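> for reference, the sequence and a predicted model appear below.
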Amino acid sequence: MMTGAPREAQQIFPIRLTSASEVDISRNTKIVAGNRVTVLQKVDPSPTNIVMAGVLHMSKQGKVYVFLLIQIPLDT
């Protein structure tokens, strides 16, 4: 099982909200999908979270498989 550092990381960063101060799920999903990963629908019960998976082709490490979860708190 691959858990913990250096194979697991967490980062907190701000996101842009709509003019109504709401999370723009569609916009954030498009940004994530633009990174050539597959957005997995209906994997997480929270409608604001984005789950994705893919393979990154690295020059030194070769293929690196990624599974990413972006959690967006409802109180942002």
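On my side now, so go ahead.

> which residue ranges of this protein form strands?
Along the chain, the stretches classed as strands by DSSP state E are 38-40, 50-58, 62-70.

> need those strands in JSON lines (columns: mean pLDDT and distance to Ser19).
(Glycine included, C-beta is placed from N, CA and C.) Formatted as JSON lines, these follow (pLDDT from 0 to 100; distance: least, CB to CB, whole Å):
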{"stretch": "strand 38-40", "mean pLDDT": "91", "distance to Ser19": "24"}
{"stretch": "strand 50-58", "mean pLDDT": "88", "distance to Ser19": "21"}
{"stretch": "strand 62-70", "mean pLDDT": "86", "distance to Ser19": "22"}
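
> quick one: closest of those to Arg27.
In terms of CB to CB, the element of these nearest to Arg27 is strand 50-58, at 10.9 Å.

> distance from the closest one to the middle of the chain?
Centre-to-centre, strand 50-58 and its host chain are 9 Å apart (CA atoms, centre = their mean, to the nearest Å).

> who touches that strand?
Here strand 50-58 makes contact (CB atoms under 8 Å, 6 or more residues apart in numbering) with 25, 28-29, 32-33, 35-40, 43-44, 63-70, 72.

> hmm, which of those residues are the buried ones?
With burial judged by 16 or more other CB atoms under 10 Å, the buried subset of these is 28, 32, 37, 39, 70, 72.

> tabulate these (CSV), appending distance to His57.
Output for the buried ones among the contacts of strand 50-58, formatted as CSV (distance: CB to CB, whole Å):
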residue, distance to His57
Asn28, 24
Val32, 18
Val37, 12
Val39, 19
Ile70, 22
Ile72, 28
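
> next, the angle from the least confident helix or strand in the chain by mean pLDDT to strand 50-58.
Within the chain, no helix or strand scores below helix 25-33, which has a mean of 84 by mean pLDDT, DSSP states H and E. Per axes from the mean of the first three to the mean of the last three CA atoms, to 10 degrees, the angle that helix 25-33 makes with strand 50-58 is 20 degrees.

> nearest to Pro6, out of the strands of the chain?
Among the strands of the chain, the nearest to Pro6 by CB to CB is strand 62-70 (11.7 Å).
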